[in-house]
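1. fold the following for me, if possible:
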Amino acid sequence: MEKLLKNIYTFANVLVQAHTQAAGSWDERSLQNVLNWASYCQQVHKQVVEKGYTQDFDQQLRSLTLCLTQPSCLELNVEKLGIATKLIKEALLQNPYVSDTIVMELLNTELQRDAQAEGDNWVKECYSLSKAGNILKIAQKMLSVLDPESSKSRSARISQAKLLLECLSRQFVNTSKTERFTAYLVRILDQCVQDEDGMELVLRMLCLETETEETTHGAVHRYILDWLLDAGKDDRLWRVQTDVLVDTAVRHFVFFQHYVRHLTDWANGMQPVYMKTDIGQPYTWRFKDNEPDTDRSYSKLVLRFQELFAADSNTRDALTRLFADLTRDSHFSIWTDLSRTVNSSRLR
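-> From the prediction side, this is the model:
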């Protein structure tokens with residue numbers, strides 16, 4: 001059993017690569033090796049089914065995919081082992097990075113089969129898959145030219161978040177070892193935030209509704225929050241759009257506390273700068289030891305507090321208590337100004 005799982009683990013890693021840019025460097029020899037691994041997996045499938053080990057082996061395979069070398073949402077089971085060759089071919093034919101040589105080799109292999117009719121049908125399928133992949137690639141390029149922001153739209157990110165959360169939830173259900181799932185989730189999320197908008201995608205997952213905290217999604221949310229609040233994430237985190245940060249803060253109090261600590265540090269890092277003027281307020285607030293910082297300006301700080309105040313009664317009550325504590329026994333500070341400005345805007 002252990003040897004079988006090790007071999008299937010090798011195939012699973014190869015299957016993941018077949019979907020990526022790495023497959024672009026494959027030659028005919030590489031393709032043959034990959035197809036040999038797929039054929040081996042189909043033989044394993046046949047033996048497992050004949051001996052009645054499907055259920056136990058299925059559970060082993062689902063756990064195994066948590067440990068893949070490259071972070072992936074691949075889900076492997078006994079049924080998929082039976083179509084391993086098809087999975088490899090489909091992945092390669094839909095991968096825009098795969099060379100024309102590999103595509104032609106796949107087609108030629110099928111044409112040489114004895115069952116000509118079946119081969120013809122498969123060639124048509126190959127053509128359809130490769131054509132669909134090329135059309136998708138061209139459409140994405142055209143879309144990026146016509147509307148560069150389309151791929152970053154709210155609806156697109158929410159759809160991606162739903163798919164990723166569903167994948168993580170299935171993996172959570174399929175493993176009984178907390179440490180293994182945690183390691184898998186960390187690898188997936190670390191890979192995810194390498195993308196420019198990856199952190200937003202993570203927060204979008206946290207904004208998806210769950211019926212109760214005890215649901216699978218609720219449990220996965222807690223793992224994501226543990227990862228998110230760990231050290232080293234803030235640099236990317238605070239660059240996410242403020243509406244997404246606020247939505248996450250409303251849904252998860254632990255994130256609300258983390259966000260407020262960030263805003264509090266921001267405020268405490270500012271100092272008054274006095275101006276020679278007889279008109280209006282004689283001072284403004286500027287971040288210490290810095291030139292005017294557009295990312296940490298007083299106006300942006302006020303806006304972020306205002307958005308939290310307006311978002312929800314619970315966040316509003318919590319911020320009201322915070323301002324009361326920080327302005328107690330103080331007649332002049334950034335907190336008296338913030339409290340006055342934020343509360344006055346709320347009453348308009």
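2. helices of the stretch 1-150 of the chain, start to end?
-> 2-18, 28-50, 54-64, 78-81, 84-93, 100-111, 116-146 (DSSP state H, counting those that start in this stretch).
3. what residue ranges in the stretch 51-200 of the chain score low on pLDDT?
-> Confidence mapping of the stretch 51-200 of the chain against pLDDT under 70 gives the ranges 67, 69-73, 107-153.
4. how about 80 then?
-> For the stretch 51-200 of the chain, the stretches with pLDDT under 80 are 59-60, 62-76, 93-96, 100, 103-157, 174-177.
5. Q271 should be in a strand, yeah?
-> Yes - assessed by DSSP: H, G, I helix; E, B strand; the rest coil, Q271 belongs to a strand.
6. for it, which non-adjacent residue is spatially closest?
-> K288 (5.2 Å; C-beta to C-beta, 6 or more residues apart in numbering). (Each C-beta comes from the backbone N, C-alpha and C, glycine too.)
7. all strands of the stretch 201-348 of the chain, in order?
-> Using DSSP state E, counting those that start in this stretch, the strands of the stretch 201-348 of the chain run over residues 270-274, 283-287.
8. now tell me what touches the last one from outside.
-> Going back to what we said before, that points to strand 283-287. With C-beta atoms under 8 Å, 6 or more residues apart in numbering as the test, strand 283-287 has contacts from 266, 269-275, 292-293, 296-298, 334, 337.
9. show me which of the residues you listed are buried.
-> The neighbour count (16 or more other C-beta atoms under 10 Å) marks 266, 269-270, 296-298, 334, 337 as buried among those.
10. will you turn these into a markdown table that also has distance to R180?
-> Listed next are these as a markdown table, based on distance: C-beta to C-beta, whole Å:
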| residue | distance to R180 |
| --- | --- |
| W266 | 38 |
| G269 | 41 |
| M270 | 45 |
| R296 | 40 |
| S297 | 45 |
| Y298 | 47 |
| I334 | 47 |
| D337 | 50 |
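11. those residues in helices, which ones?
-> 266, 298, 334, 337 (DSSP state H).
12. re earlier: reformat the strands of the stretch 201-348 of the chain as CSV; add distance to H258.
-> Putting those into CSV (distance: least, C-beta to C-beta, whole Å) gives the following:
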stretch, distance to H258
strand 270-274, 20
strand 283-287, 20
